[in-house]
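Participant: Next comes the sequence, and after it the predicted model I'd like to discuss.
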Amino acid sequence: MTPMRILIIEDDREAAAYLVKAFREAGHACDHAADGLEGYGLASEGQYDVLVVDRMLPKLDGLSLIGGLREQKIETPVIILSALGQVDDRVKGLRAGGDDYLAKPYAFSELLARVEVLARRKRGANAEPTVYRVGDLELDRLAHTLTRAGKDIPLQPREFRLLEYLMKNAGRVVTRTMLLENVWDYHFDPQTNVIDVHVSRLRGKIDKGSAAPLLHTIRGAGYMIRDGSR
């Protein structure tokens, strides 16, 4: 199973500590919020694969928390944990926006299996396309090929990764920091012109001889790839 990032929203600190430890031992990153408001704030960032939410929470109850997230169009999968296990209780939880419901007491092995199922569903729904297209430029991520107007364009591995990231964010400004972190895996500024050099080389390959350039420098902000014919 691909490592997940999980948020546990549970006010019982002993139970939460057990879950955090168990998920981490299973190879997953796990954060904890001790009340509904804290959990809502963390979950609102949308950075988690799955939320594990206790139904009875201080400051903001679990069902209200989930409902608030859904109103904000945050669709992170949620499994509700509750001592209330009757059918009506489960129905309320699911109708509030929960994706699964597990009554207490439960076995961690079952909770882990259910969380893994929710994460697989999310990743399947959000799977990245295998082919990116901007205008007549087409990048095939699986075949590792690039063509423009049907003509093959050879790229070095770093150029391919750079273009892939730019095309993934087509129409949006991509900053130097974003490129350093996502293309070069740097989390600091190396104080070099490595980005400028690679962008220049890439522009020469994809836009050379074209009346409709695709790769643009946004002065003071970063770079953008877009179809200039639109």
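Facilitator: Looks like it came in fine.

Participant: where does this protein have its least confident helix or strand?
Facilitator: The least trusted helix or strand in the chain, going by mean pLDDT, DSSP states H and E, turns out to be helix 108-125, with a mean of 86.

Participant: hang on, Leu162 in a helix?
Facilitator: Yes: applying DSSP: H, G, I helix; E, B strand; the rest coil, one finds Leu162 inside a helix.

Participant: Does it touch Val183 like I think?
Facilitator: Yes: contact criterion CB atoms under 8 Å: Leu162 and Val183 qualify, at 5.1 Å. All C-beta atoms are positioned from the backbone trio N, CA, C, and that covers glycine.

Participant: Of those two, which one has the most company?
Facilitator: Between Leu162 and Val183, counted using other CB atoms under 10 Å, the more crowded position is Leu162 (24 against 20).

Participant: chain center to the least confident helix or strand of the chain, what's the gap?
Facilitator: 16 Å (CA atoms, centre = their mean, to the nearest Å).

Participant: Export that helix to CSV, keeping only CA atoms.
Facilitator: Output of helix 108-125 as CSV, limited to C-alpha atoms (Å, rounded to 0.1, in the frame of the first residue of the first chain):
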residue,chain,number,x,y,z
PHE,A,108,-7.2,-1.8,14.4
SER,A,109,-6.7,-4.2,11.6
GLU,A,110,-10.2,-3.6,10.4
LEU,A,111,-9.8,0.2,10.7
LEU,A,112,-6.6,0.1,8.7
ALA,A,113,-8.2,-2.0,6.0
ARG,A,114,-11.1,0.4,5.7
VAL,A,115,-8.8,3.4,5.6
GLU,A,116,-6.7,1.8,2.8
VAL,A,117,-9.9,1.2,0.8
LEU,A,118,-10.9,4.8,1.1
ALA,A,119,-7.4,6.0,0.1
ARG,A,120,-7.4,3.7,-3.0
ARG,A,121,-10.8,5.1,-4.0
LYS,A,122,-9.6,8.7,-3.7
ARG,A,123,-6.4,8.0,-5.6
GLY,A,124,-8.3,6.2,-8.3
ALA,A,125,-10.7,9.2,-8.7
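
Participant: Report the mean per-residue pLDDT for stretch 52-59.
Facilitator: For stretch 52-59, mean pLDDT rounds to 95.

Participant: Give me the buried positions along it.
Facilitator: Val52, Val53, Asp54, Arg55, Leu57 (16 or more other CB atoms under 10 Å).

Participant: can you redo those residues as JSON lines with secondary structure and distance to Val174?
Facilitator: Output for the buried residues of stretch 52-59, formatted as JSON lines (DSSP: H, G, I helix; E, B strand; the rest coil; distance: CB to CB, whole Å):
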{"residue": "Val52", "secondary structure": "strand", "distance to Val174": "34"}
{"residue": "Val53", "secondary structure": "strand", "distance to Val174": "34"}
{"residue": "Asp54", "secondary structure": "strand", "distance to Val174": "39"}
{"residue": "Arg55", "secondary structure": "coil", "distance to Val174": "41"}
{"residue": "Leu57", "secondary structure": "coil", "distance to Val174": "38"}
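
Participant: of all the residues you listed, which comes closest to Ala83?
Facilitator: Arg55 (7.9 Å; CB to CB).

Participant: what's the distance between that closest one and Tyr132?
Facilitator: Counting by CB to CB, to the nearest Å, the separation of Arg55 from Tyr132 is 42 Å.
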